[in-house]
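Undergrad: quick one: sequence and predicted model below, then my questions.
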Amino acid sequence: MLSQMFQKVATNANRDATPEENERLLPVIDFGPMLAGEPGARELVIEQLRSACEYSGFFQIVHHSISHEVFRNAFRASKRFFELPFEEKLELSKDMFSNRGYELVQDFVLEGEETAFDSQEVLDGCADDDWCCSGSTSNLAATPAASITTTGAVNGSVSSGSNAAVFEDEIVSNEFRESFYFGSENLSAERLMRPFQGPNKWPLHSGNDFRLMRLLAESLGLSEHAFDDFCSDPTTAIRLLRYPPAGGRVGVNDHRDAAALTLMAQDGVAGLQIFDPELNQFLAVSPRKDALVANLGDIMTILTNHRYKSSLHRVCNTSSQDRYTIPFFLQGNIDYVVAPLPELGPPQSEPVAVEDLLRDHFQNSYTSHTTSVC
Ligand SMILES: O=C(O)CCC(=O)C(=O)O
Ligand SMILES: [Fe+2]
C-alpha cells in the first residue's frame, strides 16, 4: 500500500540545474534574522518554508548558527572513520534490527581487494532525540554535525556474524558509497527493545534542541505544537556517508526518504540530484558548504495530507574526489500512528504506525533495485 503510494519513477534524464532552477528546487532560507529576533523575520521564514515544501520539499538553511568549525570537525571525524582499516569497519557492521553500524554494498565485496575500499560503505547511528521537536531555535548548534565531533577509539557493540544476510540481500544493489549510522545514546530499556534504534557502534553523543518541526507546523497554518505528539520521543538516525568518485555509477539510487524530516551537512563536492516536478526530470543541484540541506520525507507527506512534498532524489558523484555528507533523519515516535492532521481536510492516506512505515521502507530499499545511471 505504502510502496504503491510512493512508487519510484524510472527516469534517467538529468542535467545541472541553472541558478534559477537551483533556487526553485532547493531555495536558500536565511535563519539569521529570525535567530537575531528581527521583527517580521520569523513570518518570512515560515512563508519561505511553506513555498519550498509545497514545491519540492527541499530547501537549504543558511545562518543556522552552527559554526563552520562544527561542520569541519564533523567531516574530519567522518573521514577518520572511513579511513579505519576495512576489517575494523566490517566488525562494526550494521545490524538490521537497530539500524546502527557500518554498511557496505556489494560492489565493495565483488570488486576485489584493491578497489573494495573505494566502493560503497555506510555508518548509521542516531542523534539525541529532541533535536527537531523541542527547545529553542537558537540552539541549532547542537546538531547532528556537532554530535560527531567527539573523538576516540571505536567502542560500540559488535554483532559479529550477523552481517552475512545483509550482504546477500545487498548483492544485487548497484549503489556506490559507504556510510555509517548512529543515534541517540539516551535510550530507555524499552526503546532498546524496539527496532530502528540501539546502542551506537562508534563514539558519538550530543544534546540536541531545535524547533524546525514547529516552524513547519506554523507554515501549514496550524498551532506550532501540531507535531509535538509525533516527535516527543522520536526515533532518529544520523548517517555518515562517503561517495568515492563513481565513474558514472550511482551513489544512492532514486528514492524518497521515509523520515518526516532530513537535515544534511555536506562538503563542497556536488552529487545530489533532485527530481523537478515541473520539468519531470532530475537536476543536479549545487552544494553550499555553509548550508544545511533539508528535505521532507514520506511521513511528512502523510501528516500534511499530501500538501507538502517528499521528492525523489539520488546521488551521483561525477567528480574525481570523494564526496562526504552527514544526513540526520527525524523519524518520529516509534509507536506514533501517522495519519493526516484532521485540520488538513479529508484524509488522502491510511494511518500507519511509524514502525510499520519504516519497516516497509527499509524492506523496499533492500529488495528493490532501480537501475539509475548518472
Ligand atoms: O548524500 C546525499 O546527498 C543524499 C543522501 C540521501 O539521500 C540519503 O541518505 O537518504
Ligand atoms: Fe535521501
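TA: Noted; the coordinates are in hand. Ligands and ions are numbered 1, 2, ... in the order given.
Undergrad: need the residues of the stretch 251-374 of the chain near ligand 1, please.
TA: Proximity of the stretch 251-374 of the chain to ligand 1 (CB under 6 Å from any ligand atom) is limited to residues 252, 257, 271-272, 313, 315, 325, 327. C-beta: built from backbone N, CA, C; applies to glycine.
Undergrad: at 5 Å what do you get?
TA: Within reach of ligand 1 by CB under 5 Å from any ligand atom, the stretch 251-374 of the chain has these residues: 272, 315, 325, 327.
Undergrad: so which of those residues sit within strands?
TA: Using DSSP state E, the subset of those located in strands is 272, 315, 325, 327.
Undergrad: okay, the first one: pLDDT?
TA: Which is L272. The model reports L272 with a pLDDT of 96.
Undergrad: now do the third one
TA: T325 carries a pLDDT score of 95 in this model.
Undergrad: could you do R239 as well?
TA: For R239, pLDDT reads 88.
Undergrad: just checking, what packs against the helix or strand where it lies?
TA: Following DSSP states H and E, one finds R239 within strand 235-243. In terms of contacts (3 or more CB pairs under 8 Å, 6 or more residues apart in numbering; DSSP states H and E), strand 235-243 is packed against helix 68-82, strand 121-125, strand 178-182, strand 323-332.
Undergrad: give me the pLDDT for N174.
TA: Reported pLDDT for N174: 59.
Undergrad: look at the residue in the chain that ligand 1 sits nearest to and say how many residues are nearby.
TA: The nearest approach of the chain to ligand 1 comes at T325, 3.5 Å away (CB to the nearest ligand atom). For T325, the count of nearby residues is 25 (other CB atoms under 10 Å).
Undergrad: I'd assumed Q266 was in contact with it.
TA: Yes. Contact criterion CB atoms under 8 Å: T325 and Q266 qualify, at 4.5 Å.
Undergrad: mutual contacts of these two, please.
TA: Overlap of the contact sets of T325 and Q266 (by CB atoms under 8 Å, 6 or more residues apart in numbering) consists of L272.
Undergrad: before we move on, back to that, which stretch in the helices and strands packed on strand 235-243 has the least confidence?
TA: Among the helices and strands packed on strand 235-243, strand 121-125 scores lowest, at a mean of 61.
Undergrad: who in the stretch 101-250 of the chain is up against ligand 1?
TA: Checking the stretch 101-250 of the chain against ligand 1 by CB under 5 Å from any ligand atom, the hits are L241.
Undergrad: ok so, going back, going by distance to G297, which of the ones in strands among the residues of the stretch 251-374 of the chain next to ligand 1 wins?
TA: In terms of CB to CB, no member of those lies closer to G297 than P327, at 10.6 Å.
Undergrad: pretty sure that closest one sits against L263.
TA: Yes. The criterion here is CB under 8 Å, and P327 meets it with L263 at 7.1 Å.
Undergrad: who has more neighbours out of these two?
TA: L263 (27 against 21).
Undergrad: tell me the angle of the helix or strand where the more buried one lies relative to strand 323-332?
TA: Element membership of L263, judged by DSSP H and E, is strand 261-266. Counting by axes from the mean of the first three to the mean of the last three CA atoms, to 10 degrees, strand 261-266 lies at 160 degrees to strand 323-332.
Undergrad: show me which positions of strand 261-266 end up buried.
TA: By neighbour count with 16 or more other CB atoms under 10 Å, strand 261-266 contains the buried residues 261-266.
Undergrad: likewise for stretch 344-359?
TA: Buried, per 16+ other CB under 10 Å, within stretch 344-359: 344, 349, 352-355, 357-358.
Undergrad: quick one, phi/psi of E91?
TA: phi -70, psi -20 (degrees, to the nearest 10).
Undergrad: and the helices in this structure?
TA: 2-5, 19-25, 32-35, 41-55, 68-82, 86-91, 106-110, 112-116, 144-147, 164-170, 189-192, 212-219, 298-303, 354-367 (DSSP state H).
Undergrad: among those, which is the most enclosed?
TA: helix 144-147 (a mean of 28; mean count of other CB atoms under 10 Å).
Undergrad: mean confidence for that one?
TA: Helix 144-147 comes out at a mean pLDDT of 37.
Undergrad: next, the nearest residue to A270 once chain neighbours are set aside: phi, psi?
TA: Excluding the flanking residues, the one nearest A270 by CB to CB, 6 or more residues apart in numbering is P287, at 5.4 Å. Main-chain dihedrals, P287, degrees, to the nearest 10: phi -80, psi 150.
Undergrad: contacts only, for P287.
TA: 266-272.
Undergrad: looking at these, which has the most residues close by?
TA: L272 (26 neighbours).
Undergrad: and that residue, how far from A265?
TA: 12 Å (CB to CB, to the nearest Å).
Undergrad: give the residues shared as contacts by these two.
TA: 293, 325.
Undergrad: quick one on the thing from earlier: looking at the ones in strands among the residues of the stretch 251-374 of the chain next to ligand 1, which is nearest I302?
TA: Using CB to CB, those come closest to I302 at P327, 20.2 Å.
Undergrad: may I have the beta-bridge partners of that closest one?
TA: M264 (DSSP bridges).
Undergrad: mind listing what it touches?
TA: 144, 238-239, 241, 262-264.
Undergrad: pipe those residues into CSV and attach distance to L35 per row.
TA: Below are those laid out as CSV (distance: CB to CB, whole Å):
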residue, distance to L35
P144, 18
I238, 23
R239, 26
L241, 28
T262, 21
L263, 16
M264, 20
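Undergrad: out of these, which one sits closest to S188?
TA: Of all those, the one with the least separation from S188 (CB to CB) is I238, at 19.3 Å.
Undergrad: touching, G32 and V62? I think so.
TA: Yes. The criterion here is CB under 8 Å, and G32 meets it with V62 at 7.3 Å.
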